[in-house]
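Engineer: missing the sequence, but the structure's below:
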């Protein structure tokens, strides 16, 4: 069945009009109220609205920069978010094998494509970097890990490197990453030709790494379509859960609310997001829900044990988070377990 669309005409100053697929004007009050409730940005052009109130895609159009944008039904958004968190949960199960493979690739010689992509994934996992976009770099002069320039990097000592750059929404980001092997890797990259930091050598020529290279690498080693963003989501959830565990159960509902605000603000600053986006997209909802309702969070070990010496395996906080999700977000349930 072919999807039918309602077209928006007019402007914010002169007012908007709506025409059905047959070309006739829509004047039904209930329909007009639905269009208003969709909160379609006035600047969008060539706006198309679904004739079906429950369709997954409710609206599409083009923003002021000519980019195609969509608005989805809340139920479709919720399902998409749940699928994302199930995927990230599955990725957590695969982390030891993924990390072992990343470590092997990272210790290749000669700045191969595999070595550089593995190094980038390690940095995303450790420093919560965005993967970056050539488009945003060209249009907005904002950067992520793949588009980083050598001028954004400062090696502080033999085990610490600092990245300072303009990130999404033109906000200056500062990330400090530790690790002697990572510093050696960055130092080697600083010696390559050209302004871009992350480059690899192939057939005697230097090539820039882009976001597709990194996501293709992750999918290839995982045999599953995980993405760089999934590593950020896992990291954001882990940090939020750890901070809440450190803050304790809270003596009252108000104290727990304040603790959630504190945790989300801290994680947002590390991810380079607003607290609203951080809580909505990078912190598993069950972590916040269980803490707000009963102060329940992950159980941190009294004495932390180190992850494997090769960087594989789990950190103790990760083991605690996986146990927590096993209990409150089991794999085969369709809804988050409340009690």
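Structural biologist: Arrived safely. All values derive from a computational prediction rather than experimental measurement.

Engineer: starting at the chain centroid, how far to stretch 15-32?
Structural biologist: Put simply, stretch 15-32 sits 38 Å off its chain's centre (CA atoms, centre = their mean, to the nearest Å).

Engineer: that one: which residues count as buried?
Structural biologist: Neighbour-count burial for stretch 15-32 flags 18, 20, 31 (criterion: 16 or more other CB atoms under 10 Å). Backbone N, C-alpha and C define where each C-beta goes, glycine included.

Engineer: same deal with stretch 39-56?
Structural biologist: With burial defined by 16+ other CB under 10 Å, the residues of stretch 39-56 counted as buried are 40, 44, 47, 48, 49, 50, 55.

Engineer: how about stretch 165-174?
Structural biologist: 165, 167, 168, 173.

Engineer: I figured the third one hits residue 136, correct?
Structural biologist: Yes: at 7.3 Å, residue 168 and residue 136 qualify as touching, with contact defined as CB atoms under 8 Å.

Engineer: where do the contact lists of the two overlap?
Structural biologist: Residues touching both residue 168 and residue 136 (CB atoms under 8 Å, 6 or more residues apart in numbering) are 142, 144.

Engineer: picking up where we left off before, just give me the closest of the buried residues of stretch 165-174 to residue 61.
Structural biologist: The nearest member of the buried residues of stretch 165-174 to residue 61, counting by CB to CB, is residue 168 at 22.3 Å.

Engineer: for the stretch 151-300 of the chain, which segments count as helices?
Structural biologist: 180-190, 211-222, 228-247, 253-271, 275-281, 285-294 (DSSP state H, counting those that start in this stretch).

Engineer: relative to helix 228-247, how tilted is the second one?
Structural biologist: Taking axes from the mean of the first three to the mean of the last three CA atoms, to 10 degrees, one finds helix 211-222 and helix 228-247 inclined to each other by 80 degrees.

Engineer: helix 211-222 - what's its average pLDDT?
Structural biologist: The average pLDDT for helix 211-222 rounds to 96.

Engineer: which strands and helices sit next to that helix?
Structural biologist: If you count contacts as 3 or more CB pairs under 8 Å, 6 or more residues apart in numbering; DSSP states H and E, helix 211-222 packs onto helix 74-106, helix 113-127, helix 228-247.
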